[in-house]
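Engineer: model the following, please.
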Amino acid sequence: MQRGSVSDLTLPSPNLDTLCFQVPKHGKLSTTAPSTHPPKILLLYGSLRERSYSKLLTLEAARLLEAMGAEVAIYDPLGLPQPDSAPDTHPKVQELRELAAWSEGMVWCSPERHGAMTGIMKSQIDWIPLSVGAVRPTQGKTLAVMEVSGGSQSFNAVNQMRILGRWMRMMTIPNQSSVAKAFLEFDEAGRMKPSAYYDRVVDVMEELVKFTLLTRDVAPYLVDRYSERKESAEALSKRVNQKSI
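Structural biologist: From the prediction side, this is the model:
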């Protein structure tokens, strides 16, 4: 195996646009004036039931985030139309998109239903566009995923949301929460009981805040891509939105 530089053998390639090619720089991964405002976290939940355990778990997460110094917003999915059944000017759609643009990180919490996230959870994510013009509302933002289930512990919903987070170009944190038999984990007032499940939620929110503080100032550099530097903003917008040039 050859070690060391292989530039004489393979670079530059005829395929490489040297004007757009960049060598990653360590200095660009830090800032001399880090942001000092509270991390801005948007929380989404995936059930409209009167006693929604995904909502109760989301509220617990929001309390923890506030205790850790974050500014939180919880989106209520009641009244959000199904994707493509209403124009994107619908007030609930606009509210969701404005919150997505405002946020620096997100928490997605869904029940597991029929071995998957709920349609209510997926509809919210589907209404957040991959691109508005040439701007991606979720790109480079942090994400934590959680789920509740009525039976034994499962990870189908969180695994699906991880895939969606990647598709939305978010930085999903390593830790996650899955609360089994959720109907046993909350008291009559809707507060989560002491348990290993609760401790994991604390872990997840702590990690989310840390990752958000670590990445928010350098997120544009982290997600800057060679292939997209080759395209103009207009060309990128037309390609992502599947419009003819």
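Engineer: need the longest strand for the chain.
Structural biologist: Within the chain, and with DSSP state E defining each element, the longest strand by residue count is strand 105-113.
Engineer: who are the packing partners of the helix or strand just after that strand?
Structural biologist: Reading on from strand 105-113 to the C-terminus, the next helix or strand found by DSSP states H and E is strand 116-117. Using 3 or more CB pairs under 8 Å, 6 or more residues apart in numbering; DSSP states H and E as the contact criterion, the neighbours of strand 116-117 among helices and strands are helix 156-167. Backbone N, C-alpha and C define where each C-beta goes, glycine included.
Engineer: distance from the helix it packs on to the middle of the chain?
Structural biologist: Between the mean C-alpha point of helix 156-167 and the mean C-alpha point of its chain there is a distance of 9 Å (CA atoms, centre = their mean, to the nearest Å).
Engineer: in that helix, what counts as buried?
Structural biologist: Across helix 156-167, burial judged by 16 or more other CB atoms under 10 Å covers N156, A157, V158, Q160, M161, R162, L164, G165.
Engineer: any chance of those in JSON lines, with pLDDT too?
Structural biologist: Listed next are the buried residues of helix 156-167 as JSON lines, based on pLDDT from 0 to 100:
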{"residue": "N156", "pLDDT": "91"}
{"residue": "A157", "pLDDT": "94"}
{"residue": "V158", "pLDDT": "94"}
{"residue": "Q160", "pLDDT": "95"}
{"residue": "M161", "pLDDT": "95"}
{"residue": "R162", "pLDDT": "96"}
{"residue": "L164", "pLDDT": "94"}
{"residue": "G165", "pLDDT": "94"}
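Engineer: from those, which single one is nearest S177?
Structural biologist: Closest approach between the buried residues of helix 156-167 and S177, by CB to CB: V158, at 7.7 Å.
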